[in-house]
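*Asks:* Mind folding the following:
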Amino acid sequence: MIIRETEDAFVMTTQDDHGRFSGDVARGFRRELFMDESVLEEVLLAITEHDRAWLRMDDTPIWNDESRTPYTFIDYPVRPKMLMYTKGVDEIEAMSPYAGYLCSLHFASFMKNAAEAPLVEFYRSETERQKRLREQFSFPDEDVVNRQFGLLQLCDDISLYVNMNAPGVPKDQEHPWFKEGFDMSIDGEKVMASWASEHEIRLRPFLFEQAWSASVKWKYVLKAKIDQQGVAKAFDGAAWTDQTVTFVP
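*Replies:* Below you'll find the predicted structure:
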């Protein structure tokens, strides 16, 4: 779950909805950014489905007594998270070996320097998966893989940017992860985002052919309802709201 806290509520976005928003963003990218269009649909599948592991975990939100907030993708208990990550990548691999490979690279990248046993085990298992897939299938060359993997991570970051910031927030009040831009660079220029209004995001360098809109849904879950009913019932009873943003030059 992705969560943005307000004074009276938690704005909650499921990871799968975040993933689908990521895919909708990627569909607007200029085609040359992908370098090899022969695998375009598989790359878009990887971006769209990358967080399907969270379908089961986000189905019933759970409460973190220590932080007094619902558990998020950041602090969710490690062992069940790793088990679900493995299952999620298994499912994506079954849809497309190359999409599974890109998603394996994505999740393993977070665990590369980990010391905690479940994370180390997950990293080892995913590097073995990657080796097996490279041996079994013909994938694009390393430069193309690196670009397409980078685009997956960029779309993930753009979606997190939308869901972890209040719409229209000034640059100096953004979530600290994004104030200095994203990790991805295109032609030597670091990708930067800023809110131009409550419904528009300025992206530089501009990665689309023209202004491009995408929508994600979230729930505004009142803290008072959580106190009364618990987080699972409060989330289940809250209405879905669509958040649409347009990316502009």
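*Asks:* Only C-alpha atoms from now on, for both contacts and neighbour counts.
*Replies:* Fine.
*Asks:* What's the per-residue pLDDT of residue 177 here?
*Replies:* For residue 177, the pLDDT comes out at 94.
*Asks:* Please identify which helix or strand holds the residue nearest to residue 102 when sequence neighbours are not counted.
*Replies:* Distances taken as Cα to Cα, 6 or more residues apart in numbering place residue 149 nearest to residue 102, at 5.8 Å, with adjacent residues excluded. Counting by DSSP states H and E, the element that carries residue 149 is helix 142-164.
*Asks:* what number of residues lie near the residue nearest to residue 102?
*Replies:* 22 (other Cα atoms under 10 Å).
*Asks:* just residue 176 next, same as before
*Replies:* Close neighbours of residue 176, defined as other Cα under 10 Å, add up to 11.
*Asks:* does it belong to a helix or a strand, and which?
*Replies:* Per DSSP H and E, there is no helix or strand for residue 176.
*Asks:* Relative to residue 164, how far out is it?
*Replies:* Distance, residue 176 to residue 164, using Cα to Cα, to the nearest Å: 10 Å.
*Asks:* next one: residue 125
*Replies:* 30 Å.
*Asks:* Same question for residue 245.
*Replies:* For residue 245 relative to residue 164 (Cα to Cα), the value is 14 Å.
*Asks:* Tell me which residue lies nearest the centroid of this protein.
*Replies:* residue 156 (3.5 Å; Cα atoms, centre = their mean).
*Asks:* What is the burial count for the closest residue to it other than its chain neighbours?
*Replies:* Among residues not flanking residue 156 along the chain, residue 22 sits closest, at 5.8 Å (Cα to Cα, 6+ apart). Neighbour count for residue 22, taken as other Cα under 10 Å: 29.
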